[in-house]
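Engineer: I need the structure of the sequence given here:
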Amino acid sequence: MDNCARRDAGVGGPLRILHINSSISRRSGVTSVVMNYFRNVDRRRVLFDFYYYATPDETRRAEIESLGGRCFPGRAGKNILRIRQELVTLLHEHPGQYPIVHLHDPVLARFIYPVLHRAGVRSVIVHSHSTAYSDSRLNSIRNQIVCRNMGRYSDVRLACSRSAGEFLFGAGQFEVLPNAVDVDRYRFDQRIRDAMRTELGLNGLKVVGHVGRFSEEKNHRFLVAVFEKLLALDPGCHLLLVGDGPLRGGIERLVAERGLSESVTFLGDRSDVPALYQAMDVLMLPSTSRGCQWSGWSRSARVCR
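Structural biologist: From the prediction side, this is the model:
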């Protein structure tokens, strides 16, 4: 067997860990967290491969493959039975290559844990990234039921914070793995701040910023209500909203109805978020649920404890 064949068979090469998540989209916060680790691990010893089952938009596939990882796009959507079958097929086509599977969607654990072990996986990691089951009440009830007794459907339990771990696993049943952040990307730079504020027409304004998907748990309505009160106290304030999502249109209408359009900028999805942080004076994150707690905000640095 030549060296390439040995590596593909999982012999003599780096350990490959199969990560399972709904997508590898650039919009996915979970994928961003995993990529922070992947960029910095010793890839001579460990490589990350990805199975994802939701329809992707702009993905991180090119970067993953440049780092030595492999991507396995599924077509299952939210069909759990199809997800399970696709995983069986994937593990059958790559026998012995994945002694470890890292699952980032705990709702799947009950359904795929047995088939993963039957396919040769020795350790299944379940990772809690949140303190809510869903932003939908009906889905939340369903997910709470299927996530019961998680200890029976996981070999290792990780959480991005103590609150996220206790939420899913219960006290003392997990290890905290903080969301690592490359702080150098967010280090304050006056030149970047000046350039970005000039580009966006924000010079002389006190800028309140938010970065996040327009979805229920991000709590944009509350954010707009707070900003309206702030603007009444100081007309020199401006709200900068970065991101996109299904509720964006409704928030745009709300802003218009409240007469705030001149003081609110919707930027949509951006690839220059670190530079946009530089332009802000205050970052507001009024989410109704979060997996991690922000321990600090220093001009353009975010640190999750």
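Engineer: Okay, domains of the protein per the record?
Structural biologist: The chain resolves into domains spanning 3-176, 183-304 when parsed by automatic domain parsing.
Engineer: okay if I get these as TSV plus mean neighbour count and mean pLDDT?
Structural biologist: Every C-beta, even on glycine, is put in place using the N, C-alpha and C of the backbone. Formatted as TSV, the entries for these read as follows, by neighbours: other Cβ atoms under 10 Å; pLDDT from 0 to 100:
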stretch	mean neighbour count	mean pLDDT
domain 3-176	17	90
domain 183-304	16	88
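Engineer: Do a quick rundown of the helices in the chain.
Structural biologist: Assigned by DSSP state H, the helices in the chain fall at 3-8, 29-40, 61-66, 80-93, 109-118, 137-146, 162-168, 190-199, 220-233, 248-257, 273-279.
Engineer: Go ahead and name everything in contact with the fourth one.
Structural biologist: It stands for helix 80-93. Under the criterion Cβ atoms under 8 Å, 6 or more residues apart in numbering, residues 18, 20, 51, 53, 72, 74-76, 98, 108, 111-112, 115-116, 119-121 lie in contact with helix 80-93.
Engineer: One more pass at 6 Å, please.
Structural biologist: Taking contacts as Cβ atoms under 6 Å, 6 or more residues apart in numbering, the residues outside helix 80-93 that touch it are Tyr53, Phe72, Gly74, Ala76, Phe111, Ile112, Val115, Ala119.
Engineer: ok so, going back, among the helices of the chain, which comes closest to Glu175?
Structural biologist: The stretch from the helices of the chain with the least distance to Glu175 (Cβ to Cβ) is helix 162-168; that distance is 7.8 Å.
Engineer: picking that back up, out of the helices of the chain, which gets nearest to Thr131?
Structural biologist: The minimum distance between Thr131 and those falls on helix 162-168, with 4.6 Å, by Cβ to Cβ.
Engineer: I appreciate the help and will end here.
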